[in-house]
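Q: Sequence unavailable; structure follows:
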């Protein structure tokens, strides 16, 4: 227990639950890291698609970013309304389920679960990938580094929500501060230079024009840029984690996160246009990330440059943490409705939904191992889940307002959002289908089938075990007790005495086997001397001795057959099988004893029925 | 079960035991393979040490072989006497233990167990090694081939003794027939040619003299040649496997085996001298085995040559089989005396001591993997165990005759054998110590310590559980029954009804935990309506409701603590903890239910004591 305490912190009593809740300042790193860190790859993903347009491409980034920001604003209002309407946590699963029916809810749940696992995997692999482009000699250890980061994140998260906030506070705020300084200085320098500043470090020249602009291309650019929006749902899903007043604090955190994201995305797009910075071809030796070019152009390549790049690397890896905050909450919400195993609703020693974390870590590790920790291979599976969930959630909100009535404006906002994200979902699925989106498209229905099967099982058990009648006191008879006995010992003496204390009806089974009975009629002599005689003397009834033959030297099978036959022939009585068991002092001593007791217990459980009860009489070695 | 039947044969009832026993003709392949196959490497090992003496060395092989045969004859008479004196199986373990005390018995047992494992490992690796010198392209698969042969042997042996004899009959008799033909034809040709025959294929020229003869060298040659004697003990160990009259059949098999071995060894030595055949340097490209040279010189390199070499390869690999016959018998003999776990005495479905086979296969596989399946690395560990066992066994026989009195001649024979094998043991240990014999020298005491610990444990348990008094009928009171209950269901109703049938004294525990009780006082309402009211109406006593708080959300720990405290405060009564358990229809459905019942049973077993009894009430899902 001491090692557990050291690694994961002391266990927390349920009464400390409130104290573990967080304010908006701590909520930003926890729930905003994923959204904010996407500023590091969203604009770059859009600009990469604009490379063929040359210098002209850079001009398109501002209107496209504006469109993305418009969608982001719509999402902001939508989720702000969701937080208000669902103060106990309004993830897409809840909103879609309550307004569009449980099928839509399950669809959202499946989409989100897949996306959270991918968030963790992509965040970790992107962070490690960035580290590796800085230190190429680490390349052969990609997967090992990914799994190491995963282990570290797990450890940090197992300590609980508040400590997690503490660990992620500094990198997140460092990332925000450095990027905001770069944007601020860049804008000031541009204004001072009349809109045409000279970069400190000149960015690489833009390639010549290789293609003409088309609506389809711009749509693809838009949808690529939309990867910057993954993670926006986190706050509304985790309202309950906030300090009182929860709704207000959650909305405040959402507002700050969206505002910061808008500033970052708008600032990056504007500065790219002013400083003529475009994406460079990935995989080429001349590759330099957009944020790296931008920082160097505005601030030069001094210590501040390395501080900025360092914080980007760190935040990318840590963005995986959003999944650690959200996935367990989501699985708990699903499990509470009976569509996932109940363990997901139990809180562990640090008030966390531990099993959600275990499953997330297991699946993330599996994904990282399967895809070798390479981001490029994971990306095609990603974002579809998030946009599907957005669409369902906002459609749900439309229905929500419609049902309440008198909220036309809000309905319009959510409806616009639903249409926009719906289109985005289709575009993303279409452009990425062959490259890997089909995996997600296949996994979602599979998970729905699984969840429905789980739910059906729980309903079945609940229906079968439900008892509406009060306790019946009729027909309570002592059970028929059956004791297997190989020889006369203190263990068998104890078992027979206990059996006599609970029932007057005893049968003692002995297996006659040449491998066990060396002197053949030892048992008959023993029986009379040790058991029958003292009982006769005390005027008590003599138990029945049942001797079974075992031609195949089996011990358990004849006992089991006898018990099952006895159950058949004893009408409505319980059959209690008394299993004596030697408990040794050290675990390794179990190797010296056959495990017949454990096996018999297991066989009786598997092959038994409602009227067969197993009584385990342990005999402890001194 | 059908797959098991196909692989290992149908299970055999104990009554078919006699039928599974074998005659001398089948006993020769089973118990003689190890001894006979050593003719393929014993003379070669001796001749290899004589290489430095050149042509003169070949002359020494005949007197040295004569000395080895003399020792073999002594061993023959000794073991023939042992079979007579110990008709139920007289291995070194039994003979040394009964005559020299249990310490000597354990020493012999440890030595033999190690040697049997090495017999299996060396036999397999030597066979595969021979195959690989014939087909060099198989070299990279050495270890895989070794493990494949081990798997095949395991399969054959798991079918039972009689079938095993059948499989090994043909290769063994082919090996004997071809070698005896080579020897016979060689002798006839030599006699016809007046003692100076011209070889069909001239063997390689012998190297020039490089060293002078010394007593130490000849002693080393003698001890190397003695490897031909490993396996002689097999028959006396397995007397019980023979058909009635067992003693007579076993002695007949031993006589035939030793006679054949003497003919083979004497024939090979004589022909080597007549045809001027010496060993060639191993590891050199010119290497040719002695038997290969001999066969080619006498018979030429036609189809008969390849038949002979093929049967040698096969028999070498199969010689490992002796270990499969002996090791399980030995471990059974040790386990019957309580120095090894009792499982070694149980016969499996095919009347074999299955656990002995499992352990042998496991250890052999471990040795093969550790040493990469290379014979040369295994050899230094080998033979020490066998000679140590010979020495102990024959010393034991000396004491045996001394105790009986009037057997001076027999005492002399055994005494001579004991001295000779004792010296051989010391020489083998001295010459091989650094190269690997130290491993065996270290393992033997370790195994003795282990066996003594096992024996001590069994004695302790037997002493503690032994019950000399008859059953006491005093102070038999119904137990206090404790039932953990989370909610009112058919499962809890069944548990309470069963508890009422065995005792009037009931306590029902409920854990008050905010994670489980959503409506806080649900249980109090239920209690009165469903349990207390009907019992009052029936005029029965009301059980006690115990409500426990659980600040850390633990369920099992408070129950366990309560049970332990109840045991403390209830004097001499039994505490019966009733554990209801849901049994689902499919194993995977267990994932959907917390395993609290199983955990509680385990915790009560581990932390409980003599007065705490666990009653498992299964509830089966329809």
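A: Yep, it's here. For clarity, every value in this text was computed on a predicted model and none was experimentally measured.

Q: Do the helix or strand hosting residue A:605 and chain B come into contact?
A: Per DSSP states H and E, residue A:605 falls inside helix A:596-607. Yes. Part of helix A:596-607 sits near chain B under the criterion C-beta under 8 Å from any C-beta of the partner chain, namely A:601, A:605, A:606. Any C-beta I mention is one placed from the backbone N, CA and C, and that applies to glycine too.

Q: Equivalent analysis for stretch A:532-542, please.
A: Yes. Applying C-beta under 8 Å from any C-beta, one finds stretch A:532-542 in contact with chain B at A:533, A:534, A:535, A:538, A:540.

Q: What residues does residue A:75 make contact with?
A: Contacts of residue A:75 were listed using C-beta atoms under 8 Å, 6 or more residues apart in numbering or on different chains, and they are A:229, A:232, A:258, A:390, A:417, A:421.

Q: Which one of the residues of helix A:596-607 next to chain B sits in the busiest neighbourhood?
A: When neighbours are counted by other C-beta atoms under 10 Å in any protein chain shown, residue A:601 leads these with 21 neighbours.

Q: who touches that one in this structure?
A: A:579, A:614, A:616, B:616.

Q: Nearest to residue B:126 among the residues you listed?
A: residue A:579 (49.4 Å; C-beta to C-beta).

Q: Give the helix, strand or coil label for that closest one.
A: Under the three-state scheme (DSSP: H, G, I helix; E, B strand; the rest coil), residue A:579 adopts strand.

Q: if we look at the sheet, which residues does it bridge to?
A: Beta-bridge partners recorded for residue A:579 (DSSP bridges): residue A:616.

Q: can you tell me how far the residue lying farthest from the centre of chain A sits from residue A:529?
A: Taking C-alpha atoms, centre = their mean, the residue of chain A most remote from its mean C-alpha position is residue A:537, at 66.6 Å. Here residue A:537 is placed at a distance of 12 Å from residue A:529 (C-beta to C-beta, to the nearest Å).

Q: ok, now residue A:77?
A: As judged by C-beta to C-beta, residue A:77 and residue A:529 stand 90 Å apart.

Q: List phi and psi for the spatially most central residue of chain A.
A: Central residue of chain A (C-alpha atoms, centre = their mean): residue A:360, 3.5 Å from the mean position. The phi and psi values for residue A:360, taken as degrees, to the nearest 10, are phi -60, psi -50.

Q: show me the contacts for residue A:207.
A: By C-beta under 8 Å, 6+ apart, residue A:207 lies in contact with A:51, A:54, A:278.

Q: how would you label residue A:523: helix, strand or coil?
A: Of the three states, residue A:523 takes helix under three-state DSSP.

Q: Same check on residue A:373?
A: The three-state label given to residue A:373 by three-state DSSP is coil.

Q: Which helix or which strand is home to the closest residue to it other than its chain neighbours?
A: Leaving aside its chain neighbours, residue A:373 sits nearest to residue A:146 (3.8 Å; criterion: C-beta to C-beta, 6 or more residues apart in numbering or on different chains). Per DSSP H and E: residue A:146 is located in helix A:142-158.

Q: Tell me how far that helix lies from the chain's centre.
A: Chain-centre distance of helix A:142-158: 15 Å, with C-alpha atoms, centre = their mean, to the nearest Å.

Q: quick one: the helices in the stretch 1-150 of chain A?
A: In the stretch 1-150 of chain A, the helices defined using DSSP state H, counting those that start in this stretch lie at A:2-8, A:24-37, A:42-50, A:55-85, A:92-100, A:102-134, A:142-158.

Q: Adding distance to residue B:485 and mean pLDDT as columns, could you present those in CSV?
A: Below are those laid out as CSV (distance: least, C-beta to C-beta, whole Å; pLDDT from 0 to 100):
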stretch, distance to residue B:485, mean pLDDT
helix A:2-8, 30, 56
helix A:24-37, 39, 82
helix A:42-50, 55, 83
helix A:55-85, 39, 87
helix A:92-100, 32, 86
helix A:102-134, 31, 84
helix A:142-158, 32, 87
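
Q: Can you add distance to residue B:124 and give those helices back as CSV?
A: Shown next, in CSV, are these (distance: least, C-beta to C-beta, whole Å):
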stretch, distance to residue B:124
helix A:2-8, 44
helix A:24-37, 58
helix A:42-50, 60
helix A:55-85, 69
helix A:92-100, 60
helix A:102-134, 46
helix A:142-158, 38
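
Q: what about residue A:404, how many neighbours?
A: Neighbours of residue A:404 (other C-beta under 10 Å): 11.

Q: same deal with the one 4 residues further on?
A: Residue A:408 has 10 neighbours, counted by other C-beta under 10 Å.

Q: Look up how far residue A:512 lies from it.
A: 88 Å.

Q: rewinding a little: which members of the residues of stretch A:532-542 next to chain B are classed as buried?
A: Among the residues of stretch A:532-542 next to chain B, those buried by neighbour count (16 or more other C-beta atoms under 10 Å in any protein chain shown) are residue A:535.

Q: Include secondary structure, distance to residue B:558 and pLDDT when you put the residues of stretch A:532-542 next to chain B into JSON lines, please.
A: Below are the residues of stretch A:532-542 next to chain B laid out as JSON lines (DSSP: H, G, I helix; E, B strand; the rest coil; distance: C-beta to C-beta, whole Å; pLDDT from 0 to 100):
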{"residue": "A:533", "secondary structure": "helix", "distance to residue B:558": "46", "pLDDT": "88"}
{"residue": "A:534", "secondary structure": "helix", "distance to residue B:558": "41", "pLDDT": "88"}
{"residue": "A:535", "secondary structure": "helix", "distance to residue B:558": "41", "pLDDT": "87"}
{"residue": "A:538", "secondary structure": "helix", "distance to residue B:558": "40", "pLDDT": "86"}
{"residue": "A:540", "secondary structure": "coil", "distance to residue B:558": "39", "pLDDT": "86"}
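
Q: and the residue nearest to residue A:69 when sequence neighbours are not counted, how many neighbours?
A: Nearest residue to residue A:69, sequence neighbours excluded (C-beta to C-beta, 6+ apart): residue A:262, at 5.5 Å. By other C-beta under 10 Å, 17 other residues sit near residue A:262.
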